[in-house]
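Visitor: how does the following fold in three dimensions:
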Amino acid sequence: MSEGARTAAQIEADIARRRQDLAVTLDEIAVRVHPVTIMRDTKAKAVSALDHTVGQAYVAANRAVSRARAQFVDEDGAPRLERVVPAAAAGAVVAVAVVGLIVRRSRR
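Guide: I've put the predicted structure just below:
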């Protein structure tokens, strides 16, 4: 026998090993394409995307609130009366106008 020649037992062992490898591969494929696995993976991706979107929305809202707060409060936390008073007056005018419209409608 030459050095490169394999015995029948070696060939049978290689076939058995490859058969086992193929069985493992087929089992992995079966798990990946199983509907429950696909559904679980899809759900996980959707939840991840939603969490990311909610996180971005939270950051954007927090940034907007901080900017709005900075318009009415100085660095020390004291209210900026030159901005608070006109805004409060405008809010009061709007509230009076809404109440006036409601009263006017209810009298009809």
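Visitor: tell me the helix or strand right after the helix or strand where residue 17 lies.
Guide: For residue 17, the element it lies in under DSSP states H and E is helix 8-33. Downstream of helix 8-33, the first helix or strand assigned by DSSP H and E is helix 35-72.
Visitor: show me what that next one is packed up against.
Guide: helix 81-107 (3 or more CB pairs under 8 Å, 6 or more residues apart in numbering; DSSP states H and E). All C-beta spots, glycine's among them, are computed from the backbone N, C-alpha and C.
Visitor: and the helix it packs on, how far out from the chain middle?
Guide: How far helix 81-107 lies from its chain's middle: 39 Å, per CA atoms, centre = their mean, to the nearest Å.
Visitor: repeat for stretch 19-36
Guide: 31 Å.
Visitor: just stretch 32-45 next, same as before
Guide: With CA atoms, centre = their mean, you get 18 Å for stretch 32-45.
Visitor: pLDDT of that stretch, averaged?
Guide: The pLDDT scores in stretch 32-45 average 95.
Visitor: ok, residues contacting it?
Guide: With contact meaning CB atoms under 8 Å, 6 or more residues apart in numbering, stretch 32-45 is reached by residue 31.
Visitor: going forward, count from 537.
Guide: Sure thing, new numbering starts at 537, so read that last one as stretch 568-581.
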